[in-house]
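Asks: just the structure for this:
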Amino acid sequence: MKMVKSLLLGSAAGLLAMSGAQAADLPVKAKAVEYVRICSLYGAGFFYIPGTDTCIKLGGYLRADLTINGAIYDGPFWNGEGAIRDRYANFYNDRSRLALTIDTRTATEYGVVRTFGQADFQFSTFGATSSIGTAAAVFPSASVGQVNNDTAGNGYTAVEMVFIQFAGFTFGKSASAFSTPWHGYPGNNSSFLIGGFDTVTGINNVQYTWQFGNGVSATLGVDDSSANAFNRTQILNTVGGAAGGSIGATGAATAFVTGVGTAYGGTSAPDIVGNVRVDQAWGLFQISGALHDNHAGYFQNTNGPSTALGGASQVGAIANGHPDDKWGGAVSAALQIKNIPTGPGDDIKMDATWSLGASKYVLATSSPTPSAFDILNSNKLAMGVTTDSIYSGQSGINGTVFNGNNLTQQQLTRGWGFRGAFNHNWDPYWSTSLFGGIAGLSYNSTAKTLYCNAYSSTAGIAIGGTNNVTTGAAANPAGFLAGSTCDPGFTIGMVGLVTRWTPVKNLTFSAEVLYANLHTNMKGAANFPTPSTALPLPAGVYTFGDNGTTSLNLRVQRNF
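Replies: Now for the predicted structure:
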């Protein structure tokens, strides 16, 4: 018994010794958990990145969007297959998008250092605005859905603004200093409201902002001038009649539906932009200005790139010289009025713009501006040509002779625009916006003559001093009929109404009706034996006149 007791006591002592040894190995106190801390310095939604003094906010939205009788995001059928209403057009188009934003801010002795970025993960109607297959052969843009990877199980990522702000400077892809705070969205869903400038998805730039106090500020910057989606349209060279878009195809008045072509050269100078702005409780007032360099290719340069470097379309171009650069630009005034008597939160936004040799500043959308607007209703055609300038390396009227050609320098295109909206809140859940925009381009007499001669001379039609067709219609049936007026200028107007329902915070359903009307400066009629090599149109006589198009947009969006 004594032996058993000794063994038990020895085992217990051994276990106690082992337990003590293990207990000595455990930490005396667990390390404190570092919880996420709210950052209230920059508004709601910011928190500190653990272990740093940098605040971050994650956000974005998810949007499902459908447009009937229009392109995605309520784009009017103002050119292409939808505008002629052939059987290859998609008469409804949709897009689903998840936008993610990251906003970081750090307080320093130089002020706040900020970075911001937005990426859009999206999927659109297969083929964008027209079918693929047969249509791709007659209209290559029909395959754009494949280019964007809008195929089953795929989609693509678009990059919007990505920039750094430091000590008053902004570097990266951000809003242009010329733009209004609402860009092309004074109160609309449509991404295609014309009448002013729009860099809502950002443009590469460098800018500096001065804050003078009492809501007064000024910004000066330089924007990337090669971004034709934002700040340039076309420069047309009418040499040989080979201008892109609208009437004309290799010297004959035979094609009138949009064709992309431009004789722009490479970038030589950025756009210089700036604004002076006043923000007050009553609203906002801003004056903006921009300078834009029109840098063309060569007098022999054909519209559009060659098929290969040194390809046939550019052979010998350098020997024929080039037109001089011409600086154009734009000015704009914007006004927002708050606290109007119709109700709390209601406001009016408007801006007006004038341009010379910088047509994008009055025709900006969040997509590239069409090289020409064309709407066809039966045999009635409304059309207009979008350019920054027109010049000629052949059959010019005021230039110098070089290598046997009479050369004409760039003739800058004039433009004007206006847009605005009245935004009304019926109650916390319902709101309505009435909006509209209008813009026009016009050409001087030299530009009209260059354009019209290029598309009429080989058809045996002479253009008079007032750009009226005076002779030759009977001699050759191709081209303008006698008494017609050739003028590529136009005016396009838009009006729309959108109503929104927000049943819970940050979830909105909306419906928008949009009407766009195209007024053409062309008068009379033209005989087109081959109306277009790109679209399935019949030959015949087409009468010039105004046309319009109506679309319906339905949208649901959840912000977070």
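
Asks: any weak-confidence spans in the stretch 1-150 of the chain?
Replies: Low-confidence segments of the stretch 1-150 of the chain (pLDDT under 70): 1-34, 128, 132-144, 146.

Asks: go with 90
Replies: Flagging of the stretch 1-150 of the chain using pLDDT under 90 yields the residue ranges 1-36, 51, 79-81, 84-89, 125-150.

Asks: strands of that one, residue ranges please.
Replies: Along the stretch 1-150 of the chain, counting by DSSP state E, counting those that start in this stretch, strands occupy 47-48, 55-68, 92-108, 111-124.

Asks: thought Leu507 was touching Arg555?
Replies: No - look at Leu507 against Arg555 with CB atoms under 8 Å: they stay out of range, at 11.7 Å. Just so you know, the C-beta spots here come from the backbone N, C-alpha and C atoms, and that holds for glycine as well.

Asks: more neighbours: those two, which one.
Replies: Neighbour count, other CB atoms under 10 Å: between Leu507 and Arg555, Arg555 has more, with 20 against 14.

Asks: that one contacts Ala64, doesn't it?
Replies: Yes - when contacts are counted by CB under 8 Å, Arg555 is listed as touching Ala64 (7.1 Å).

Asks: residues touching the residue most central in space within the chain, list them.
Replies: The centre of the chain sits closest to Ser366, judged by CA atoms, centre = their mean, with a distance of 2.4 Å. By CB atoms under 8 Å, 6 or more residues apart in numbering, the contact set of Ser366 is Tyr73, Gly184, Ser191, Phe192, Asp198, Val200, Thr201.

Asks: who wins for neighbours among the residues you listed?
Replies: Using other CB under 10 Å as the neighbour test, the contacts of Ser366 are led by Asp198, with 28 neighbours.

Asks: hang on, that residue packs against Gly184?
Replies: Yes - here Asp198 lies in contact with Gly184, judged by CB under 8 Å, at a distance of 3.5 Å.

Asks: give me the common contacts of the two.
Replies: Ala364, Thr365, Ser366.

Asks: mind checking how far the residue lying closest to the second one once chain neighbours are set aside is from Arg419?
Replies: In space, not counting the residues next to it along the chain, Thr365 is nearest to Phe192; the distance is 4.5 Å by CB to CB, 6 or more residues apart in numbering. Distance of Phe192 to Arg419, computed by CB to CB, to the nearest Å: 11 Å.

Asks: what about the closest residue to Asn553 other than its chain neighbours, neighbour count?
Replies: The shortest distance from Asn553 to any non-neighbouring residue, by CB to CB, 6+ apart, is to Asp74 (3.8 Å). Number of residues near Asp74 (other CB under 10 Å) recorded here: 28.

Asks: and the one 10 residues further on, by the same measure?
Replies: Ile84: 21 surrounding residues under other CB under 10 Å.

Asks: could you measure from it over to Gln557?
Replies: 32 Å.

Asks: for Ala516, same thing?
Replies: 23 Å.

Asks: what about those two, which has more around it?
Replies: Using other CB under 10 Å, the more surrounded residue of Ala516 and Gln557 is Ala516, with 26 against 19.

Asks: I figured Asp293 hits Gly266, correct?
Replies: No - the criterion here is CB under 8 Å, and Asp293 misses it with Gly266 at 11.2 Å.

Asks: out of the two, which sits in the more crowded spot?
Replies: Asp293 (20 against 8).

Asks: give me the element the residue nearest to that one when sequence neighbours are not counted is part of.
Replies: Nearest non-adjacent residue to Asp293, counting by CB to CB, 6+ apart: Ala269, 4.4 Å away. Ala269 is part of no helix or strand when elements are defined by DSSP states H and E.

Asks: with pLDDT, distance to Glu160 and secondary structure added, can I get the shared contacts of Asp198 and Gly184 in CSV?
Replies: Formatted as CSV, the shared contacts of Asp198 and Gly184 follow (pLDDT from 0 to 100; distance: CB to CB, whole Å; DSSP: H, G, I helix; E, B strand; the rest coil):
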residue, pLDDT, distance to Glu160, secondary structure
Ala364, 87, 16, coil
Thr365, 84, 15, coil
Ser366, 76, 10, coil
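
Asks: could the residues you listed go into TSV alongside distance to Gln211?
Replies: Shown next, in TSV, are the shared contacts of Asp198 and Gly184 (distance: CB to CB, whole Å):
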residue	distance to Gln211
Ala364	27
Thr365	31
Ser366	28
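
Asks: tell me the one among those residues nearest to Gly479.
Replies: Thr365 (32.4 Å; CB to CB).

Asks: distance of the closest one relative to Phe230?
Replies: 10 Å.

Asks: more neighbours: these two, which one.
Replies: Phe230 (29 against 21).

Asks: quick one, what contacts that one?
Replies: By CB under 8 Å, 6+ apart, the residues touching Phe230 are Ser176, Asp198, Thr199, Ile203, Asp223, Lys360, Ala364.

Asks: which of those count as buried?
Replies: Neighbour counting with 16 or more other CB atoms under 10 Å marks Ser176, Asp198, Thr199, Ile203, Asp223, Lys360, Ala364 as buried within these.

Asks: in helices, which of those residues fall?
Replies: Taking DSSP state H, the ones among the buried ones among the contacts of Phe230 that sit in helices are Lys360.

Asks: secondary structure class for Lys440?
Replies: Residue 440: Gly, not Lys. Following DSSP: H, G, I helix; E, B strand; the rest coil, Gly440 is assigned to strand.

Asks: tell me the one among the shared contacts of Asp198 and Gly184 nearest to Asp388.
Replies: Checking these against Asp388 by CB to CB gives Ala364 as the nearest, at 13.0 Å.

Asks: ok, the closest one to Asn148 distance?
Replies: Ala364 sits 21 Å away from Asn148, going by CB to CB.
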